[in-house]
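Novice: Below are the sequence and a predicted model for it; my questions follow.
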Amino acid sequence: MQFIALFIAFFAALAGRAYAQINATTFNITLPGLGNVTANQFLSFNDADLTTKCSGNLTAANNAISACTNNNATCLCSPPTVRLILECEQCYFEQLIAENRAMPDVRAGNAAALTAYATACNASAGVVLIADQTTLTLPSNWDGPYGQFLNAGATVFGVICTIVLGVGAITVVNTM
């Protein structure tokens, strides 16, 4: 009887490992417009200017990703690796703002890319990244969008023109 119980326990343990290997998910990041990319492809795109300006951060992040052998989701979602990826994305984001240009790729300084990375961490390793680990912040020297307002003389002229056109339109409609 003990032999049968031992045999069933041994079989269950082996079957559980086989099931885990079959259902093991790879660490794929689903990016909008690109589809699935691997962790090694996450920071790679064709923009020599941007990658050169952020080469220090890019090298550190790529080294951390490469150190996670076999696409190890636990390693890829560890706080040090995620921090380096965020620093690289932050550098891209700040460079794009400084140069006032559009993103050359969805992976360059994009909050959606970091959200996709966090989703992959949750799906592959069960790791939930907090907002601080995946949030890009505006540079401290950013002056933001600004409106071009009219000076006093232009404002008075604009109001007078608007009143004349409005009264004229109402007069035309009422005299028909």
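Specialist: Received, thanks.
Novice: Longest helix in the protein, please.
Specialist: Assignment by DSSP state H gives helix 152-174 as the longest helix of the chain.
Novice: State the mean pLDDT of it.
Specialist: Averaged across helix 152-174, the pLDDT comes to 95.
Novice: and it, how far out from the chain's middle?
Specialist: 48 Å (Cα atoms, centre = their mean, to the nearest Å).
Novice: got it, and stretch 114-128?
Specialist: On Cα atoms, centre = their mean, the centre of stretch 114-128 falls 12 Å from the chain's centre.
Novice: about what we covered before: outside of the longest helix of the chain, which residues touch it?
Specialist: L150 (Cβ atoms under 8 Å, 6 or more residues apart in numbering). C-beta here means a position set from N, CA and C on the backbone, and glycine is covered the same way.
Novice: ok, which stretches of the chain are strands?
Specialist: In the chain, the strands defined using DSSP state E lie at 28-31, 35-38.
Novice: Could you dump these into a markdown table and include distance to P79, mean neighbour count and mean pLDDT?
Specialist: Converted to a markdown table, the strands of the chain look like this (distance: least, Cβ to Cβ, whole Å; neighbours: other Cβ atoms under 10 Å; pLDDT from 0 to 100):
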| stretch | distance to P79 | mean neighbour count | mean pLDDT |
| --- | --- | --- | --- |
| strand 28-31 | 18 | 19 | 92 |
| strand 35-38 | 21 | 14 | 92 |
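Novice: Dump these into JSON lines; add distance to L50 as well.
Specialist: Below are the strands of the chain laid out as JSON lines (distance: least, Cβ to Cβ, whole Å):
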{"stretch": "strand 28-31", "distance to L50": "17"}
{"stretch": "strand 35-38", "distance to L50": "17"}
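Novice: of these, which approaches A120 most closely?
Specialist: strand 28-31 (4.5 Å; Cβ to Cβ).
Novice: re the thing from before, hey, C-alpha coordinates of the longest helix of the chain in CSV?
Specialist: Extracted C-alpha coordinates of helix 152-174, given in CSV (Å, rounded to 0.1, in the frame of the first residue of the first chain):
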residue,chain,number,x,y,z
ALA,A,152,-4.3,94.7,-25.2
GLY,A,153,-4.5,96.5,-28.6
ALA,A,154,-5.0,93.2,-30.6
THR,A,155,-7.6,92.0,-28.1
VAL,A,156,-9.6,95.2,-28.4
PHE,A,157,-9.4,95.0,-32.3
GLY,A,158,-10.4,91.4,-32.2
VAL,A,159,-13.5,92.0,-30.0
ILE,A,160,-14.6,94.9,-32.1
CYS,A,161,-14.3,92.8,-35.3
THR,A,162,-16.2,90.0,-33.7
ILE,A,163,-19.1,92.3,-32.6
VAL,A,164,-19.4,93.9,-36.0
LEU,A,165,-19.5,90.5,-37.8
GLY,A,166,-22.0,89.1,-35.2
VAL,A,167,-24.3,92.1,-35.4
GLY,A,168,-24.0,92.1,-39.2
ALA,A,169,-24.9,88.4,-39.4
ILE,A,170,-27.9,88.8,-37.1
THR,A,171,-29.1,91.8,-39.1
VAL,A,172,-28.9,89.9,-42.4
VAL,A,173,-30.9,86.9,-41.0
ASN,A,174,-33.5,89.2,-39.5
